[in-house]
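J.: Any chance you can model this:
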Amino acid sequence: MNKSIRRRAGLSLTAVAVVAAVSACGGEDAKNGAETKLQSGAEVTKVLKAAYQKTEEAKSAKVEMVATMPDSAAFGGGGEMKLSGVMGWDPMMMDMTMSGGGLKMTPGAPEQVRMVWLDNAMYMDTGAAAAKEMDGKRWLKIDLKSLAEQSGSAALQKQLTGSLDSMDQSPAEQIAMLLESKSIKHVGAAKVDGVDTQHYKGTISLEEMLEKNDSLVLGEKERAQLLKGLKGTGISSYSTQLWVNKDGLPVKTDLSMKTPEGVVTMVTNYSDYGAKASVKAPPAAETFDFGRIMEKLGEGMKGLGV
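T.: The predicted model follows:
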């Protein structure tokens, strides 16, 4: 079996795992000089409900993200992976550049890869060298629903379709998850990249979310979709930190998620809310379907008697 085909498959699934686990580029998180009166529970709820509404209406933002993953096969060898670009929600779309993490663990992989997510499919620019192995096409298309059906494995189908559901998470939904927490609290004033913010945090388990029958901001359908995505990824709990600016918009989130493979952390900085997310899929003539790679892998395994 062609080793380059196996590398391409591994790199592609690593990208899916990282984005699905989706969402520090830094900045200081120091308190302002003067002590700030902490908000009451009612005030925290009021502020975050307003932040949810504003974020939901913004529809898009520029994103800088750092994800730290456990050293497991499911995450392509783990390590730190960086993503930057633009993200839109309702509908979900993104145009990101990815570097680090599994790319470093994959022989022959480029230092960075551009990824486009649109209409429930991911497109990866694998570079000119890889195009030689894909009929001269440098863009790899990964359709998770199709891939799940092709696998013939109920467990893999559940994992892949769960990843698809979890992709559709905006920063507004991260606020919604924080509002689900009984431990939610106001930490105080802080600066993030020189911007004055208010800092909030809370922890909630998937079990607690399932036991709760309503949401302060999500409708029944939206909440059911969110829970479906979380169950599909195997995440058991979330610890969320959120920094909100004077306009009531998140400038930074810090998520720590417990998964069967270990803890995944994602620190994300947001800016330019409402910036047009002009995400376009590559021309069909320049894309190669990931399903064909999986078919070749299957043929190779059969040839080895597996």
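
J.: For the stretch 51-200 of the chain, just list every one of the strands.
T.: Counting by DSSP state E, counting those that start in this stretch, the stretch 51-200 of the chain forms strands over residues 60-69, 79-88, 93-100, 112-118, 121-125, 139-142, 185-192, 195-205, given from the N-terminal end onward.

J.: could I get the ones you listed as TSV with distance to Asp247, mean pLDDT and mean neighbour count?
T.: Backbone N, C-alpha and C define where each C-beta goes, glycine included. Listed next are the strands of the stretch 51-200 of the chain as TSV, based on distance: least, CB to CB, whole Å; pLDDT from 0 to 100; neighbours: other CB atoms under 10 Å:
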stretch	distance to Asp247	mean pLDDT	mean neighbour count
strand 60-69	12	88	22
strand 79-88	18	87	20
strand 93-100	23	87	19
strand 112-118	27	87	20
strand 121-125	32	86	21
strand 139-142	36	85	23
strand 185-192	13	95	18
strand 195-205	10	92	19
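
J.: CSV please, covering those and showing distance to Met257.
T.: Written out in CSV, the entries for these read as follows (distance: least, CB to CB, whole Å):
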stretch, distance to Met257
strand 60-69, 10
strand 79-88, 14
strand 93-100, 19
strand 112-118, 20
strand 121-125, 20
strand 139-142, 22
strand 185-192, 20
strand 195-205, 11
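
J.: May I have the phi/psi pair for Thr126?
T.: Geometry field for Thr126 lists phi and psi as phi -90, psi 0, criterion degrees, to the nearest 10.

J.: With adjacent residues omitted, what lies nearest to it?
T.: In space, not counting the residues next to it along the chain, Thr126 is nearest to Leu140; the distance is 5.3 Å by CB to CB, 6 or more residues apart in numbering.

J.: isn't that neighbour right up against Gly127?
T.: No - taking contacts as CB atoms under 8 Å, Leu140 lies outside contact range of Gly127: 10.2 Å.

J.: would you put the C-alpha positions of stretch 187-197 in PDB?
T.: What follows is stretch 187-197, C-alpha atoms only, in PDB (Å, rounded to 0.1, in the frame of the first residue of the first chain):
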ATOM      1  CA  VAL A 187     -13.900  36.600  38.200                       C
ATOM      2  CA  GLY A 188     -13.400  40.400  37.800                       C
ATOM      3  CA  ALA A 189     -11.900  42.900  35.400                       C
ATOM      4  CA  ALA A 190      -9.000  42.000  33.100                       C
ATOM      5  CA  LYS A 191      -7.100  43.100  30.100                       C
ATOM      6  CA  VAL A 192      -6.800  40.900  27.000                       C
ATOM      7  CA  ASP A 193      -4.300  42.200  24.400                       C
ATOM      8  CA  GLY A 194      -4.800  45.700  25.900                       C
ATOM      9  CA  VAL A 195      -8.600  45.500  25.800                       C
ATOM     10  CA  ASP A 196     -10.600  46.100  28.900                       C
ATOM     11  CA  THR A 197     -12.800  43.100  29.600                       C
END
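
J.: For Ser40, which of the strands of the stretch 51-200 of the chain is the nearest?
T.: Ranking the strands of the stretch 51-200 of the chain by their distance to Ser40 (criterion: CB to CB) puts strand 185-192 first, at 8.2 Å.

J.: follow-up on the earlier one: can you tell me how far the residue nearest to Thr126 is from Met124?
T.: Separation of Leu140 from Met124 (CB to CB, to the nearest Å): 5 Å.

J.: What of Lys82?
T.: To Met124, Lys82 is 16 Å away according to CB to CB.

J.: which SS class is the closest residue in space to Gln174 that isn't next to it in sequence?
T.: Excluding its sequence neighbours, the residue lying closest to Gln174 (CB to CB, 6+ apart) is Thr253, at 5.4 Å. Thr253 carries the three-state label strand when classified by DSSP: H, G, I helix; E, B strand; the rest coil.

J.: all helices for the stretch 201-306 of the chain, in order.
T.: In the stretch 201-306 of the chain, the helices defined using DSSP state H, counting those that start in this stretch lie at 206-211, 220-233, 290-303.

J.: who does the shortest one touch, helix- and strand-wise?
T.: Applying 3 or more CB pairs under 8 Å, 6 or more residues apart in numbering; DSSP states H and E, one finds that helix 206-211 contacts helix 171-180, helix 220-233.

J.: elements contacting the shortest one?
T.: Helices and strands touching helix 171-180, as assessed by 3+ CB pairs under 8 Å, 6+ apart, comprise helix 41-58, strand 195-205, helix 206-211, helix 220-233, strand 237-245, strand 250-259.
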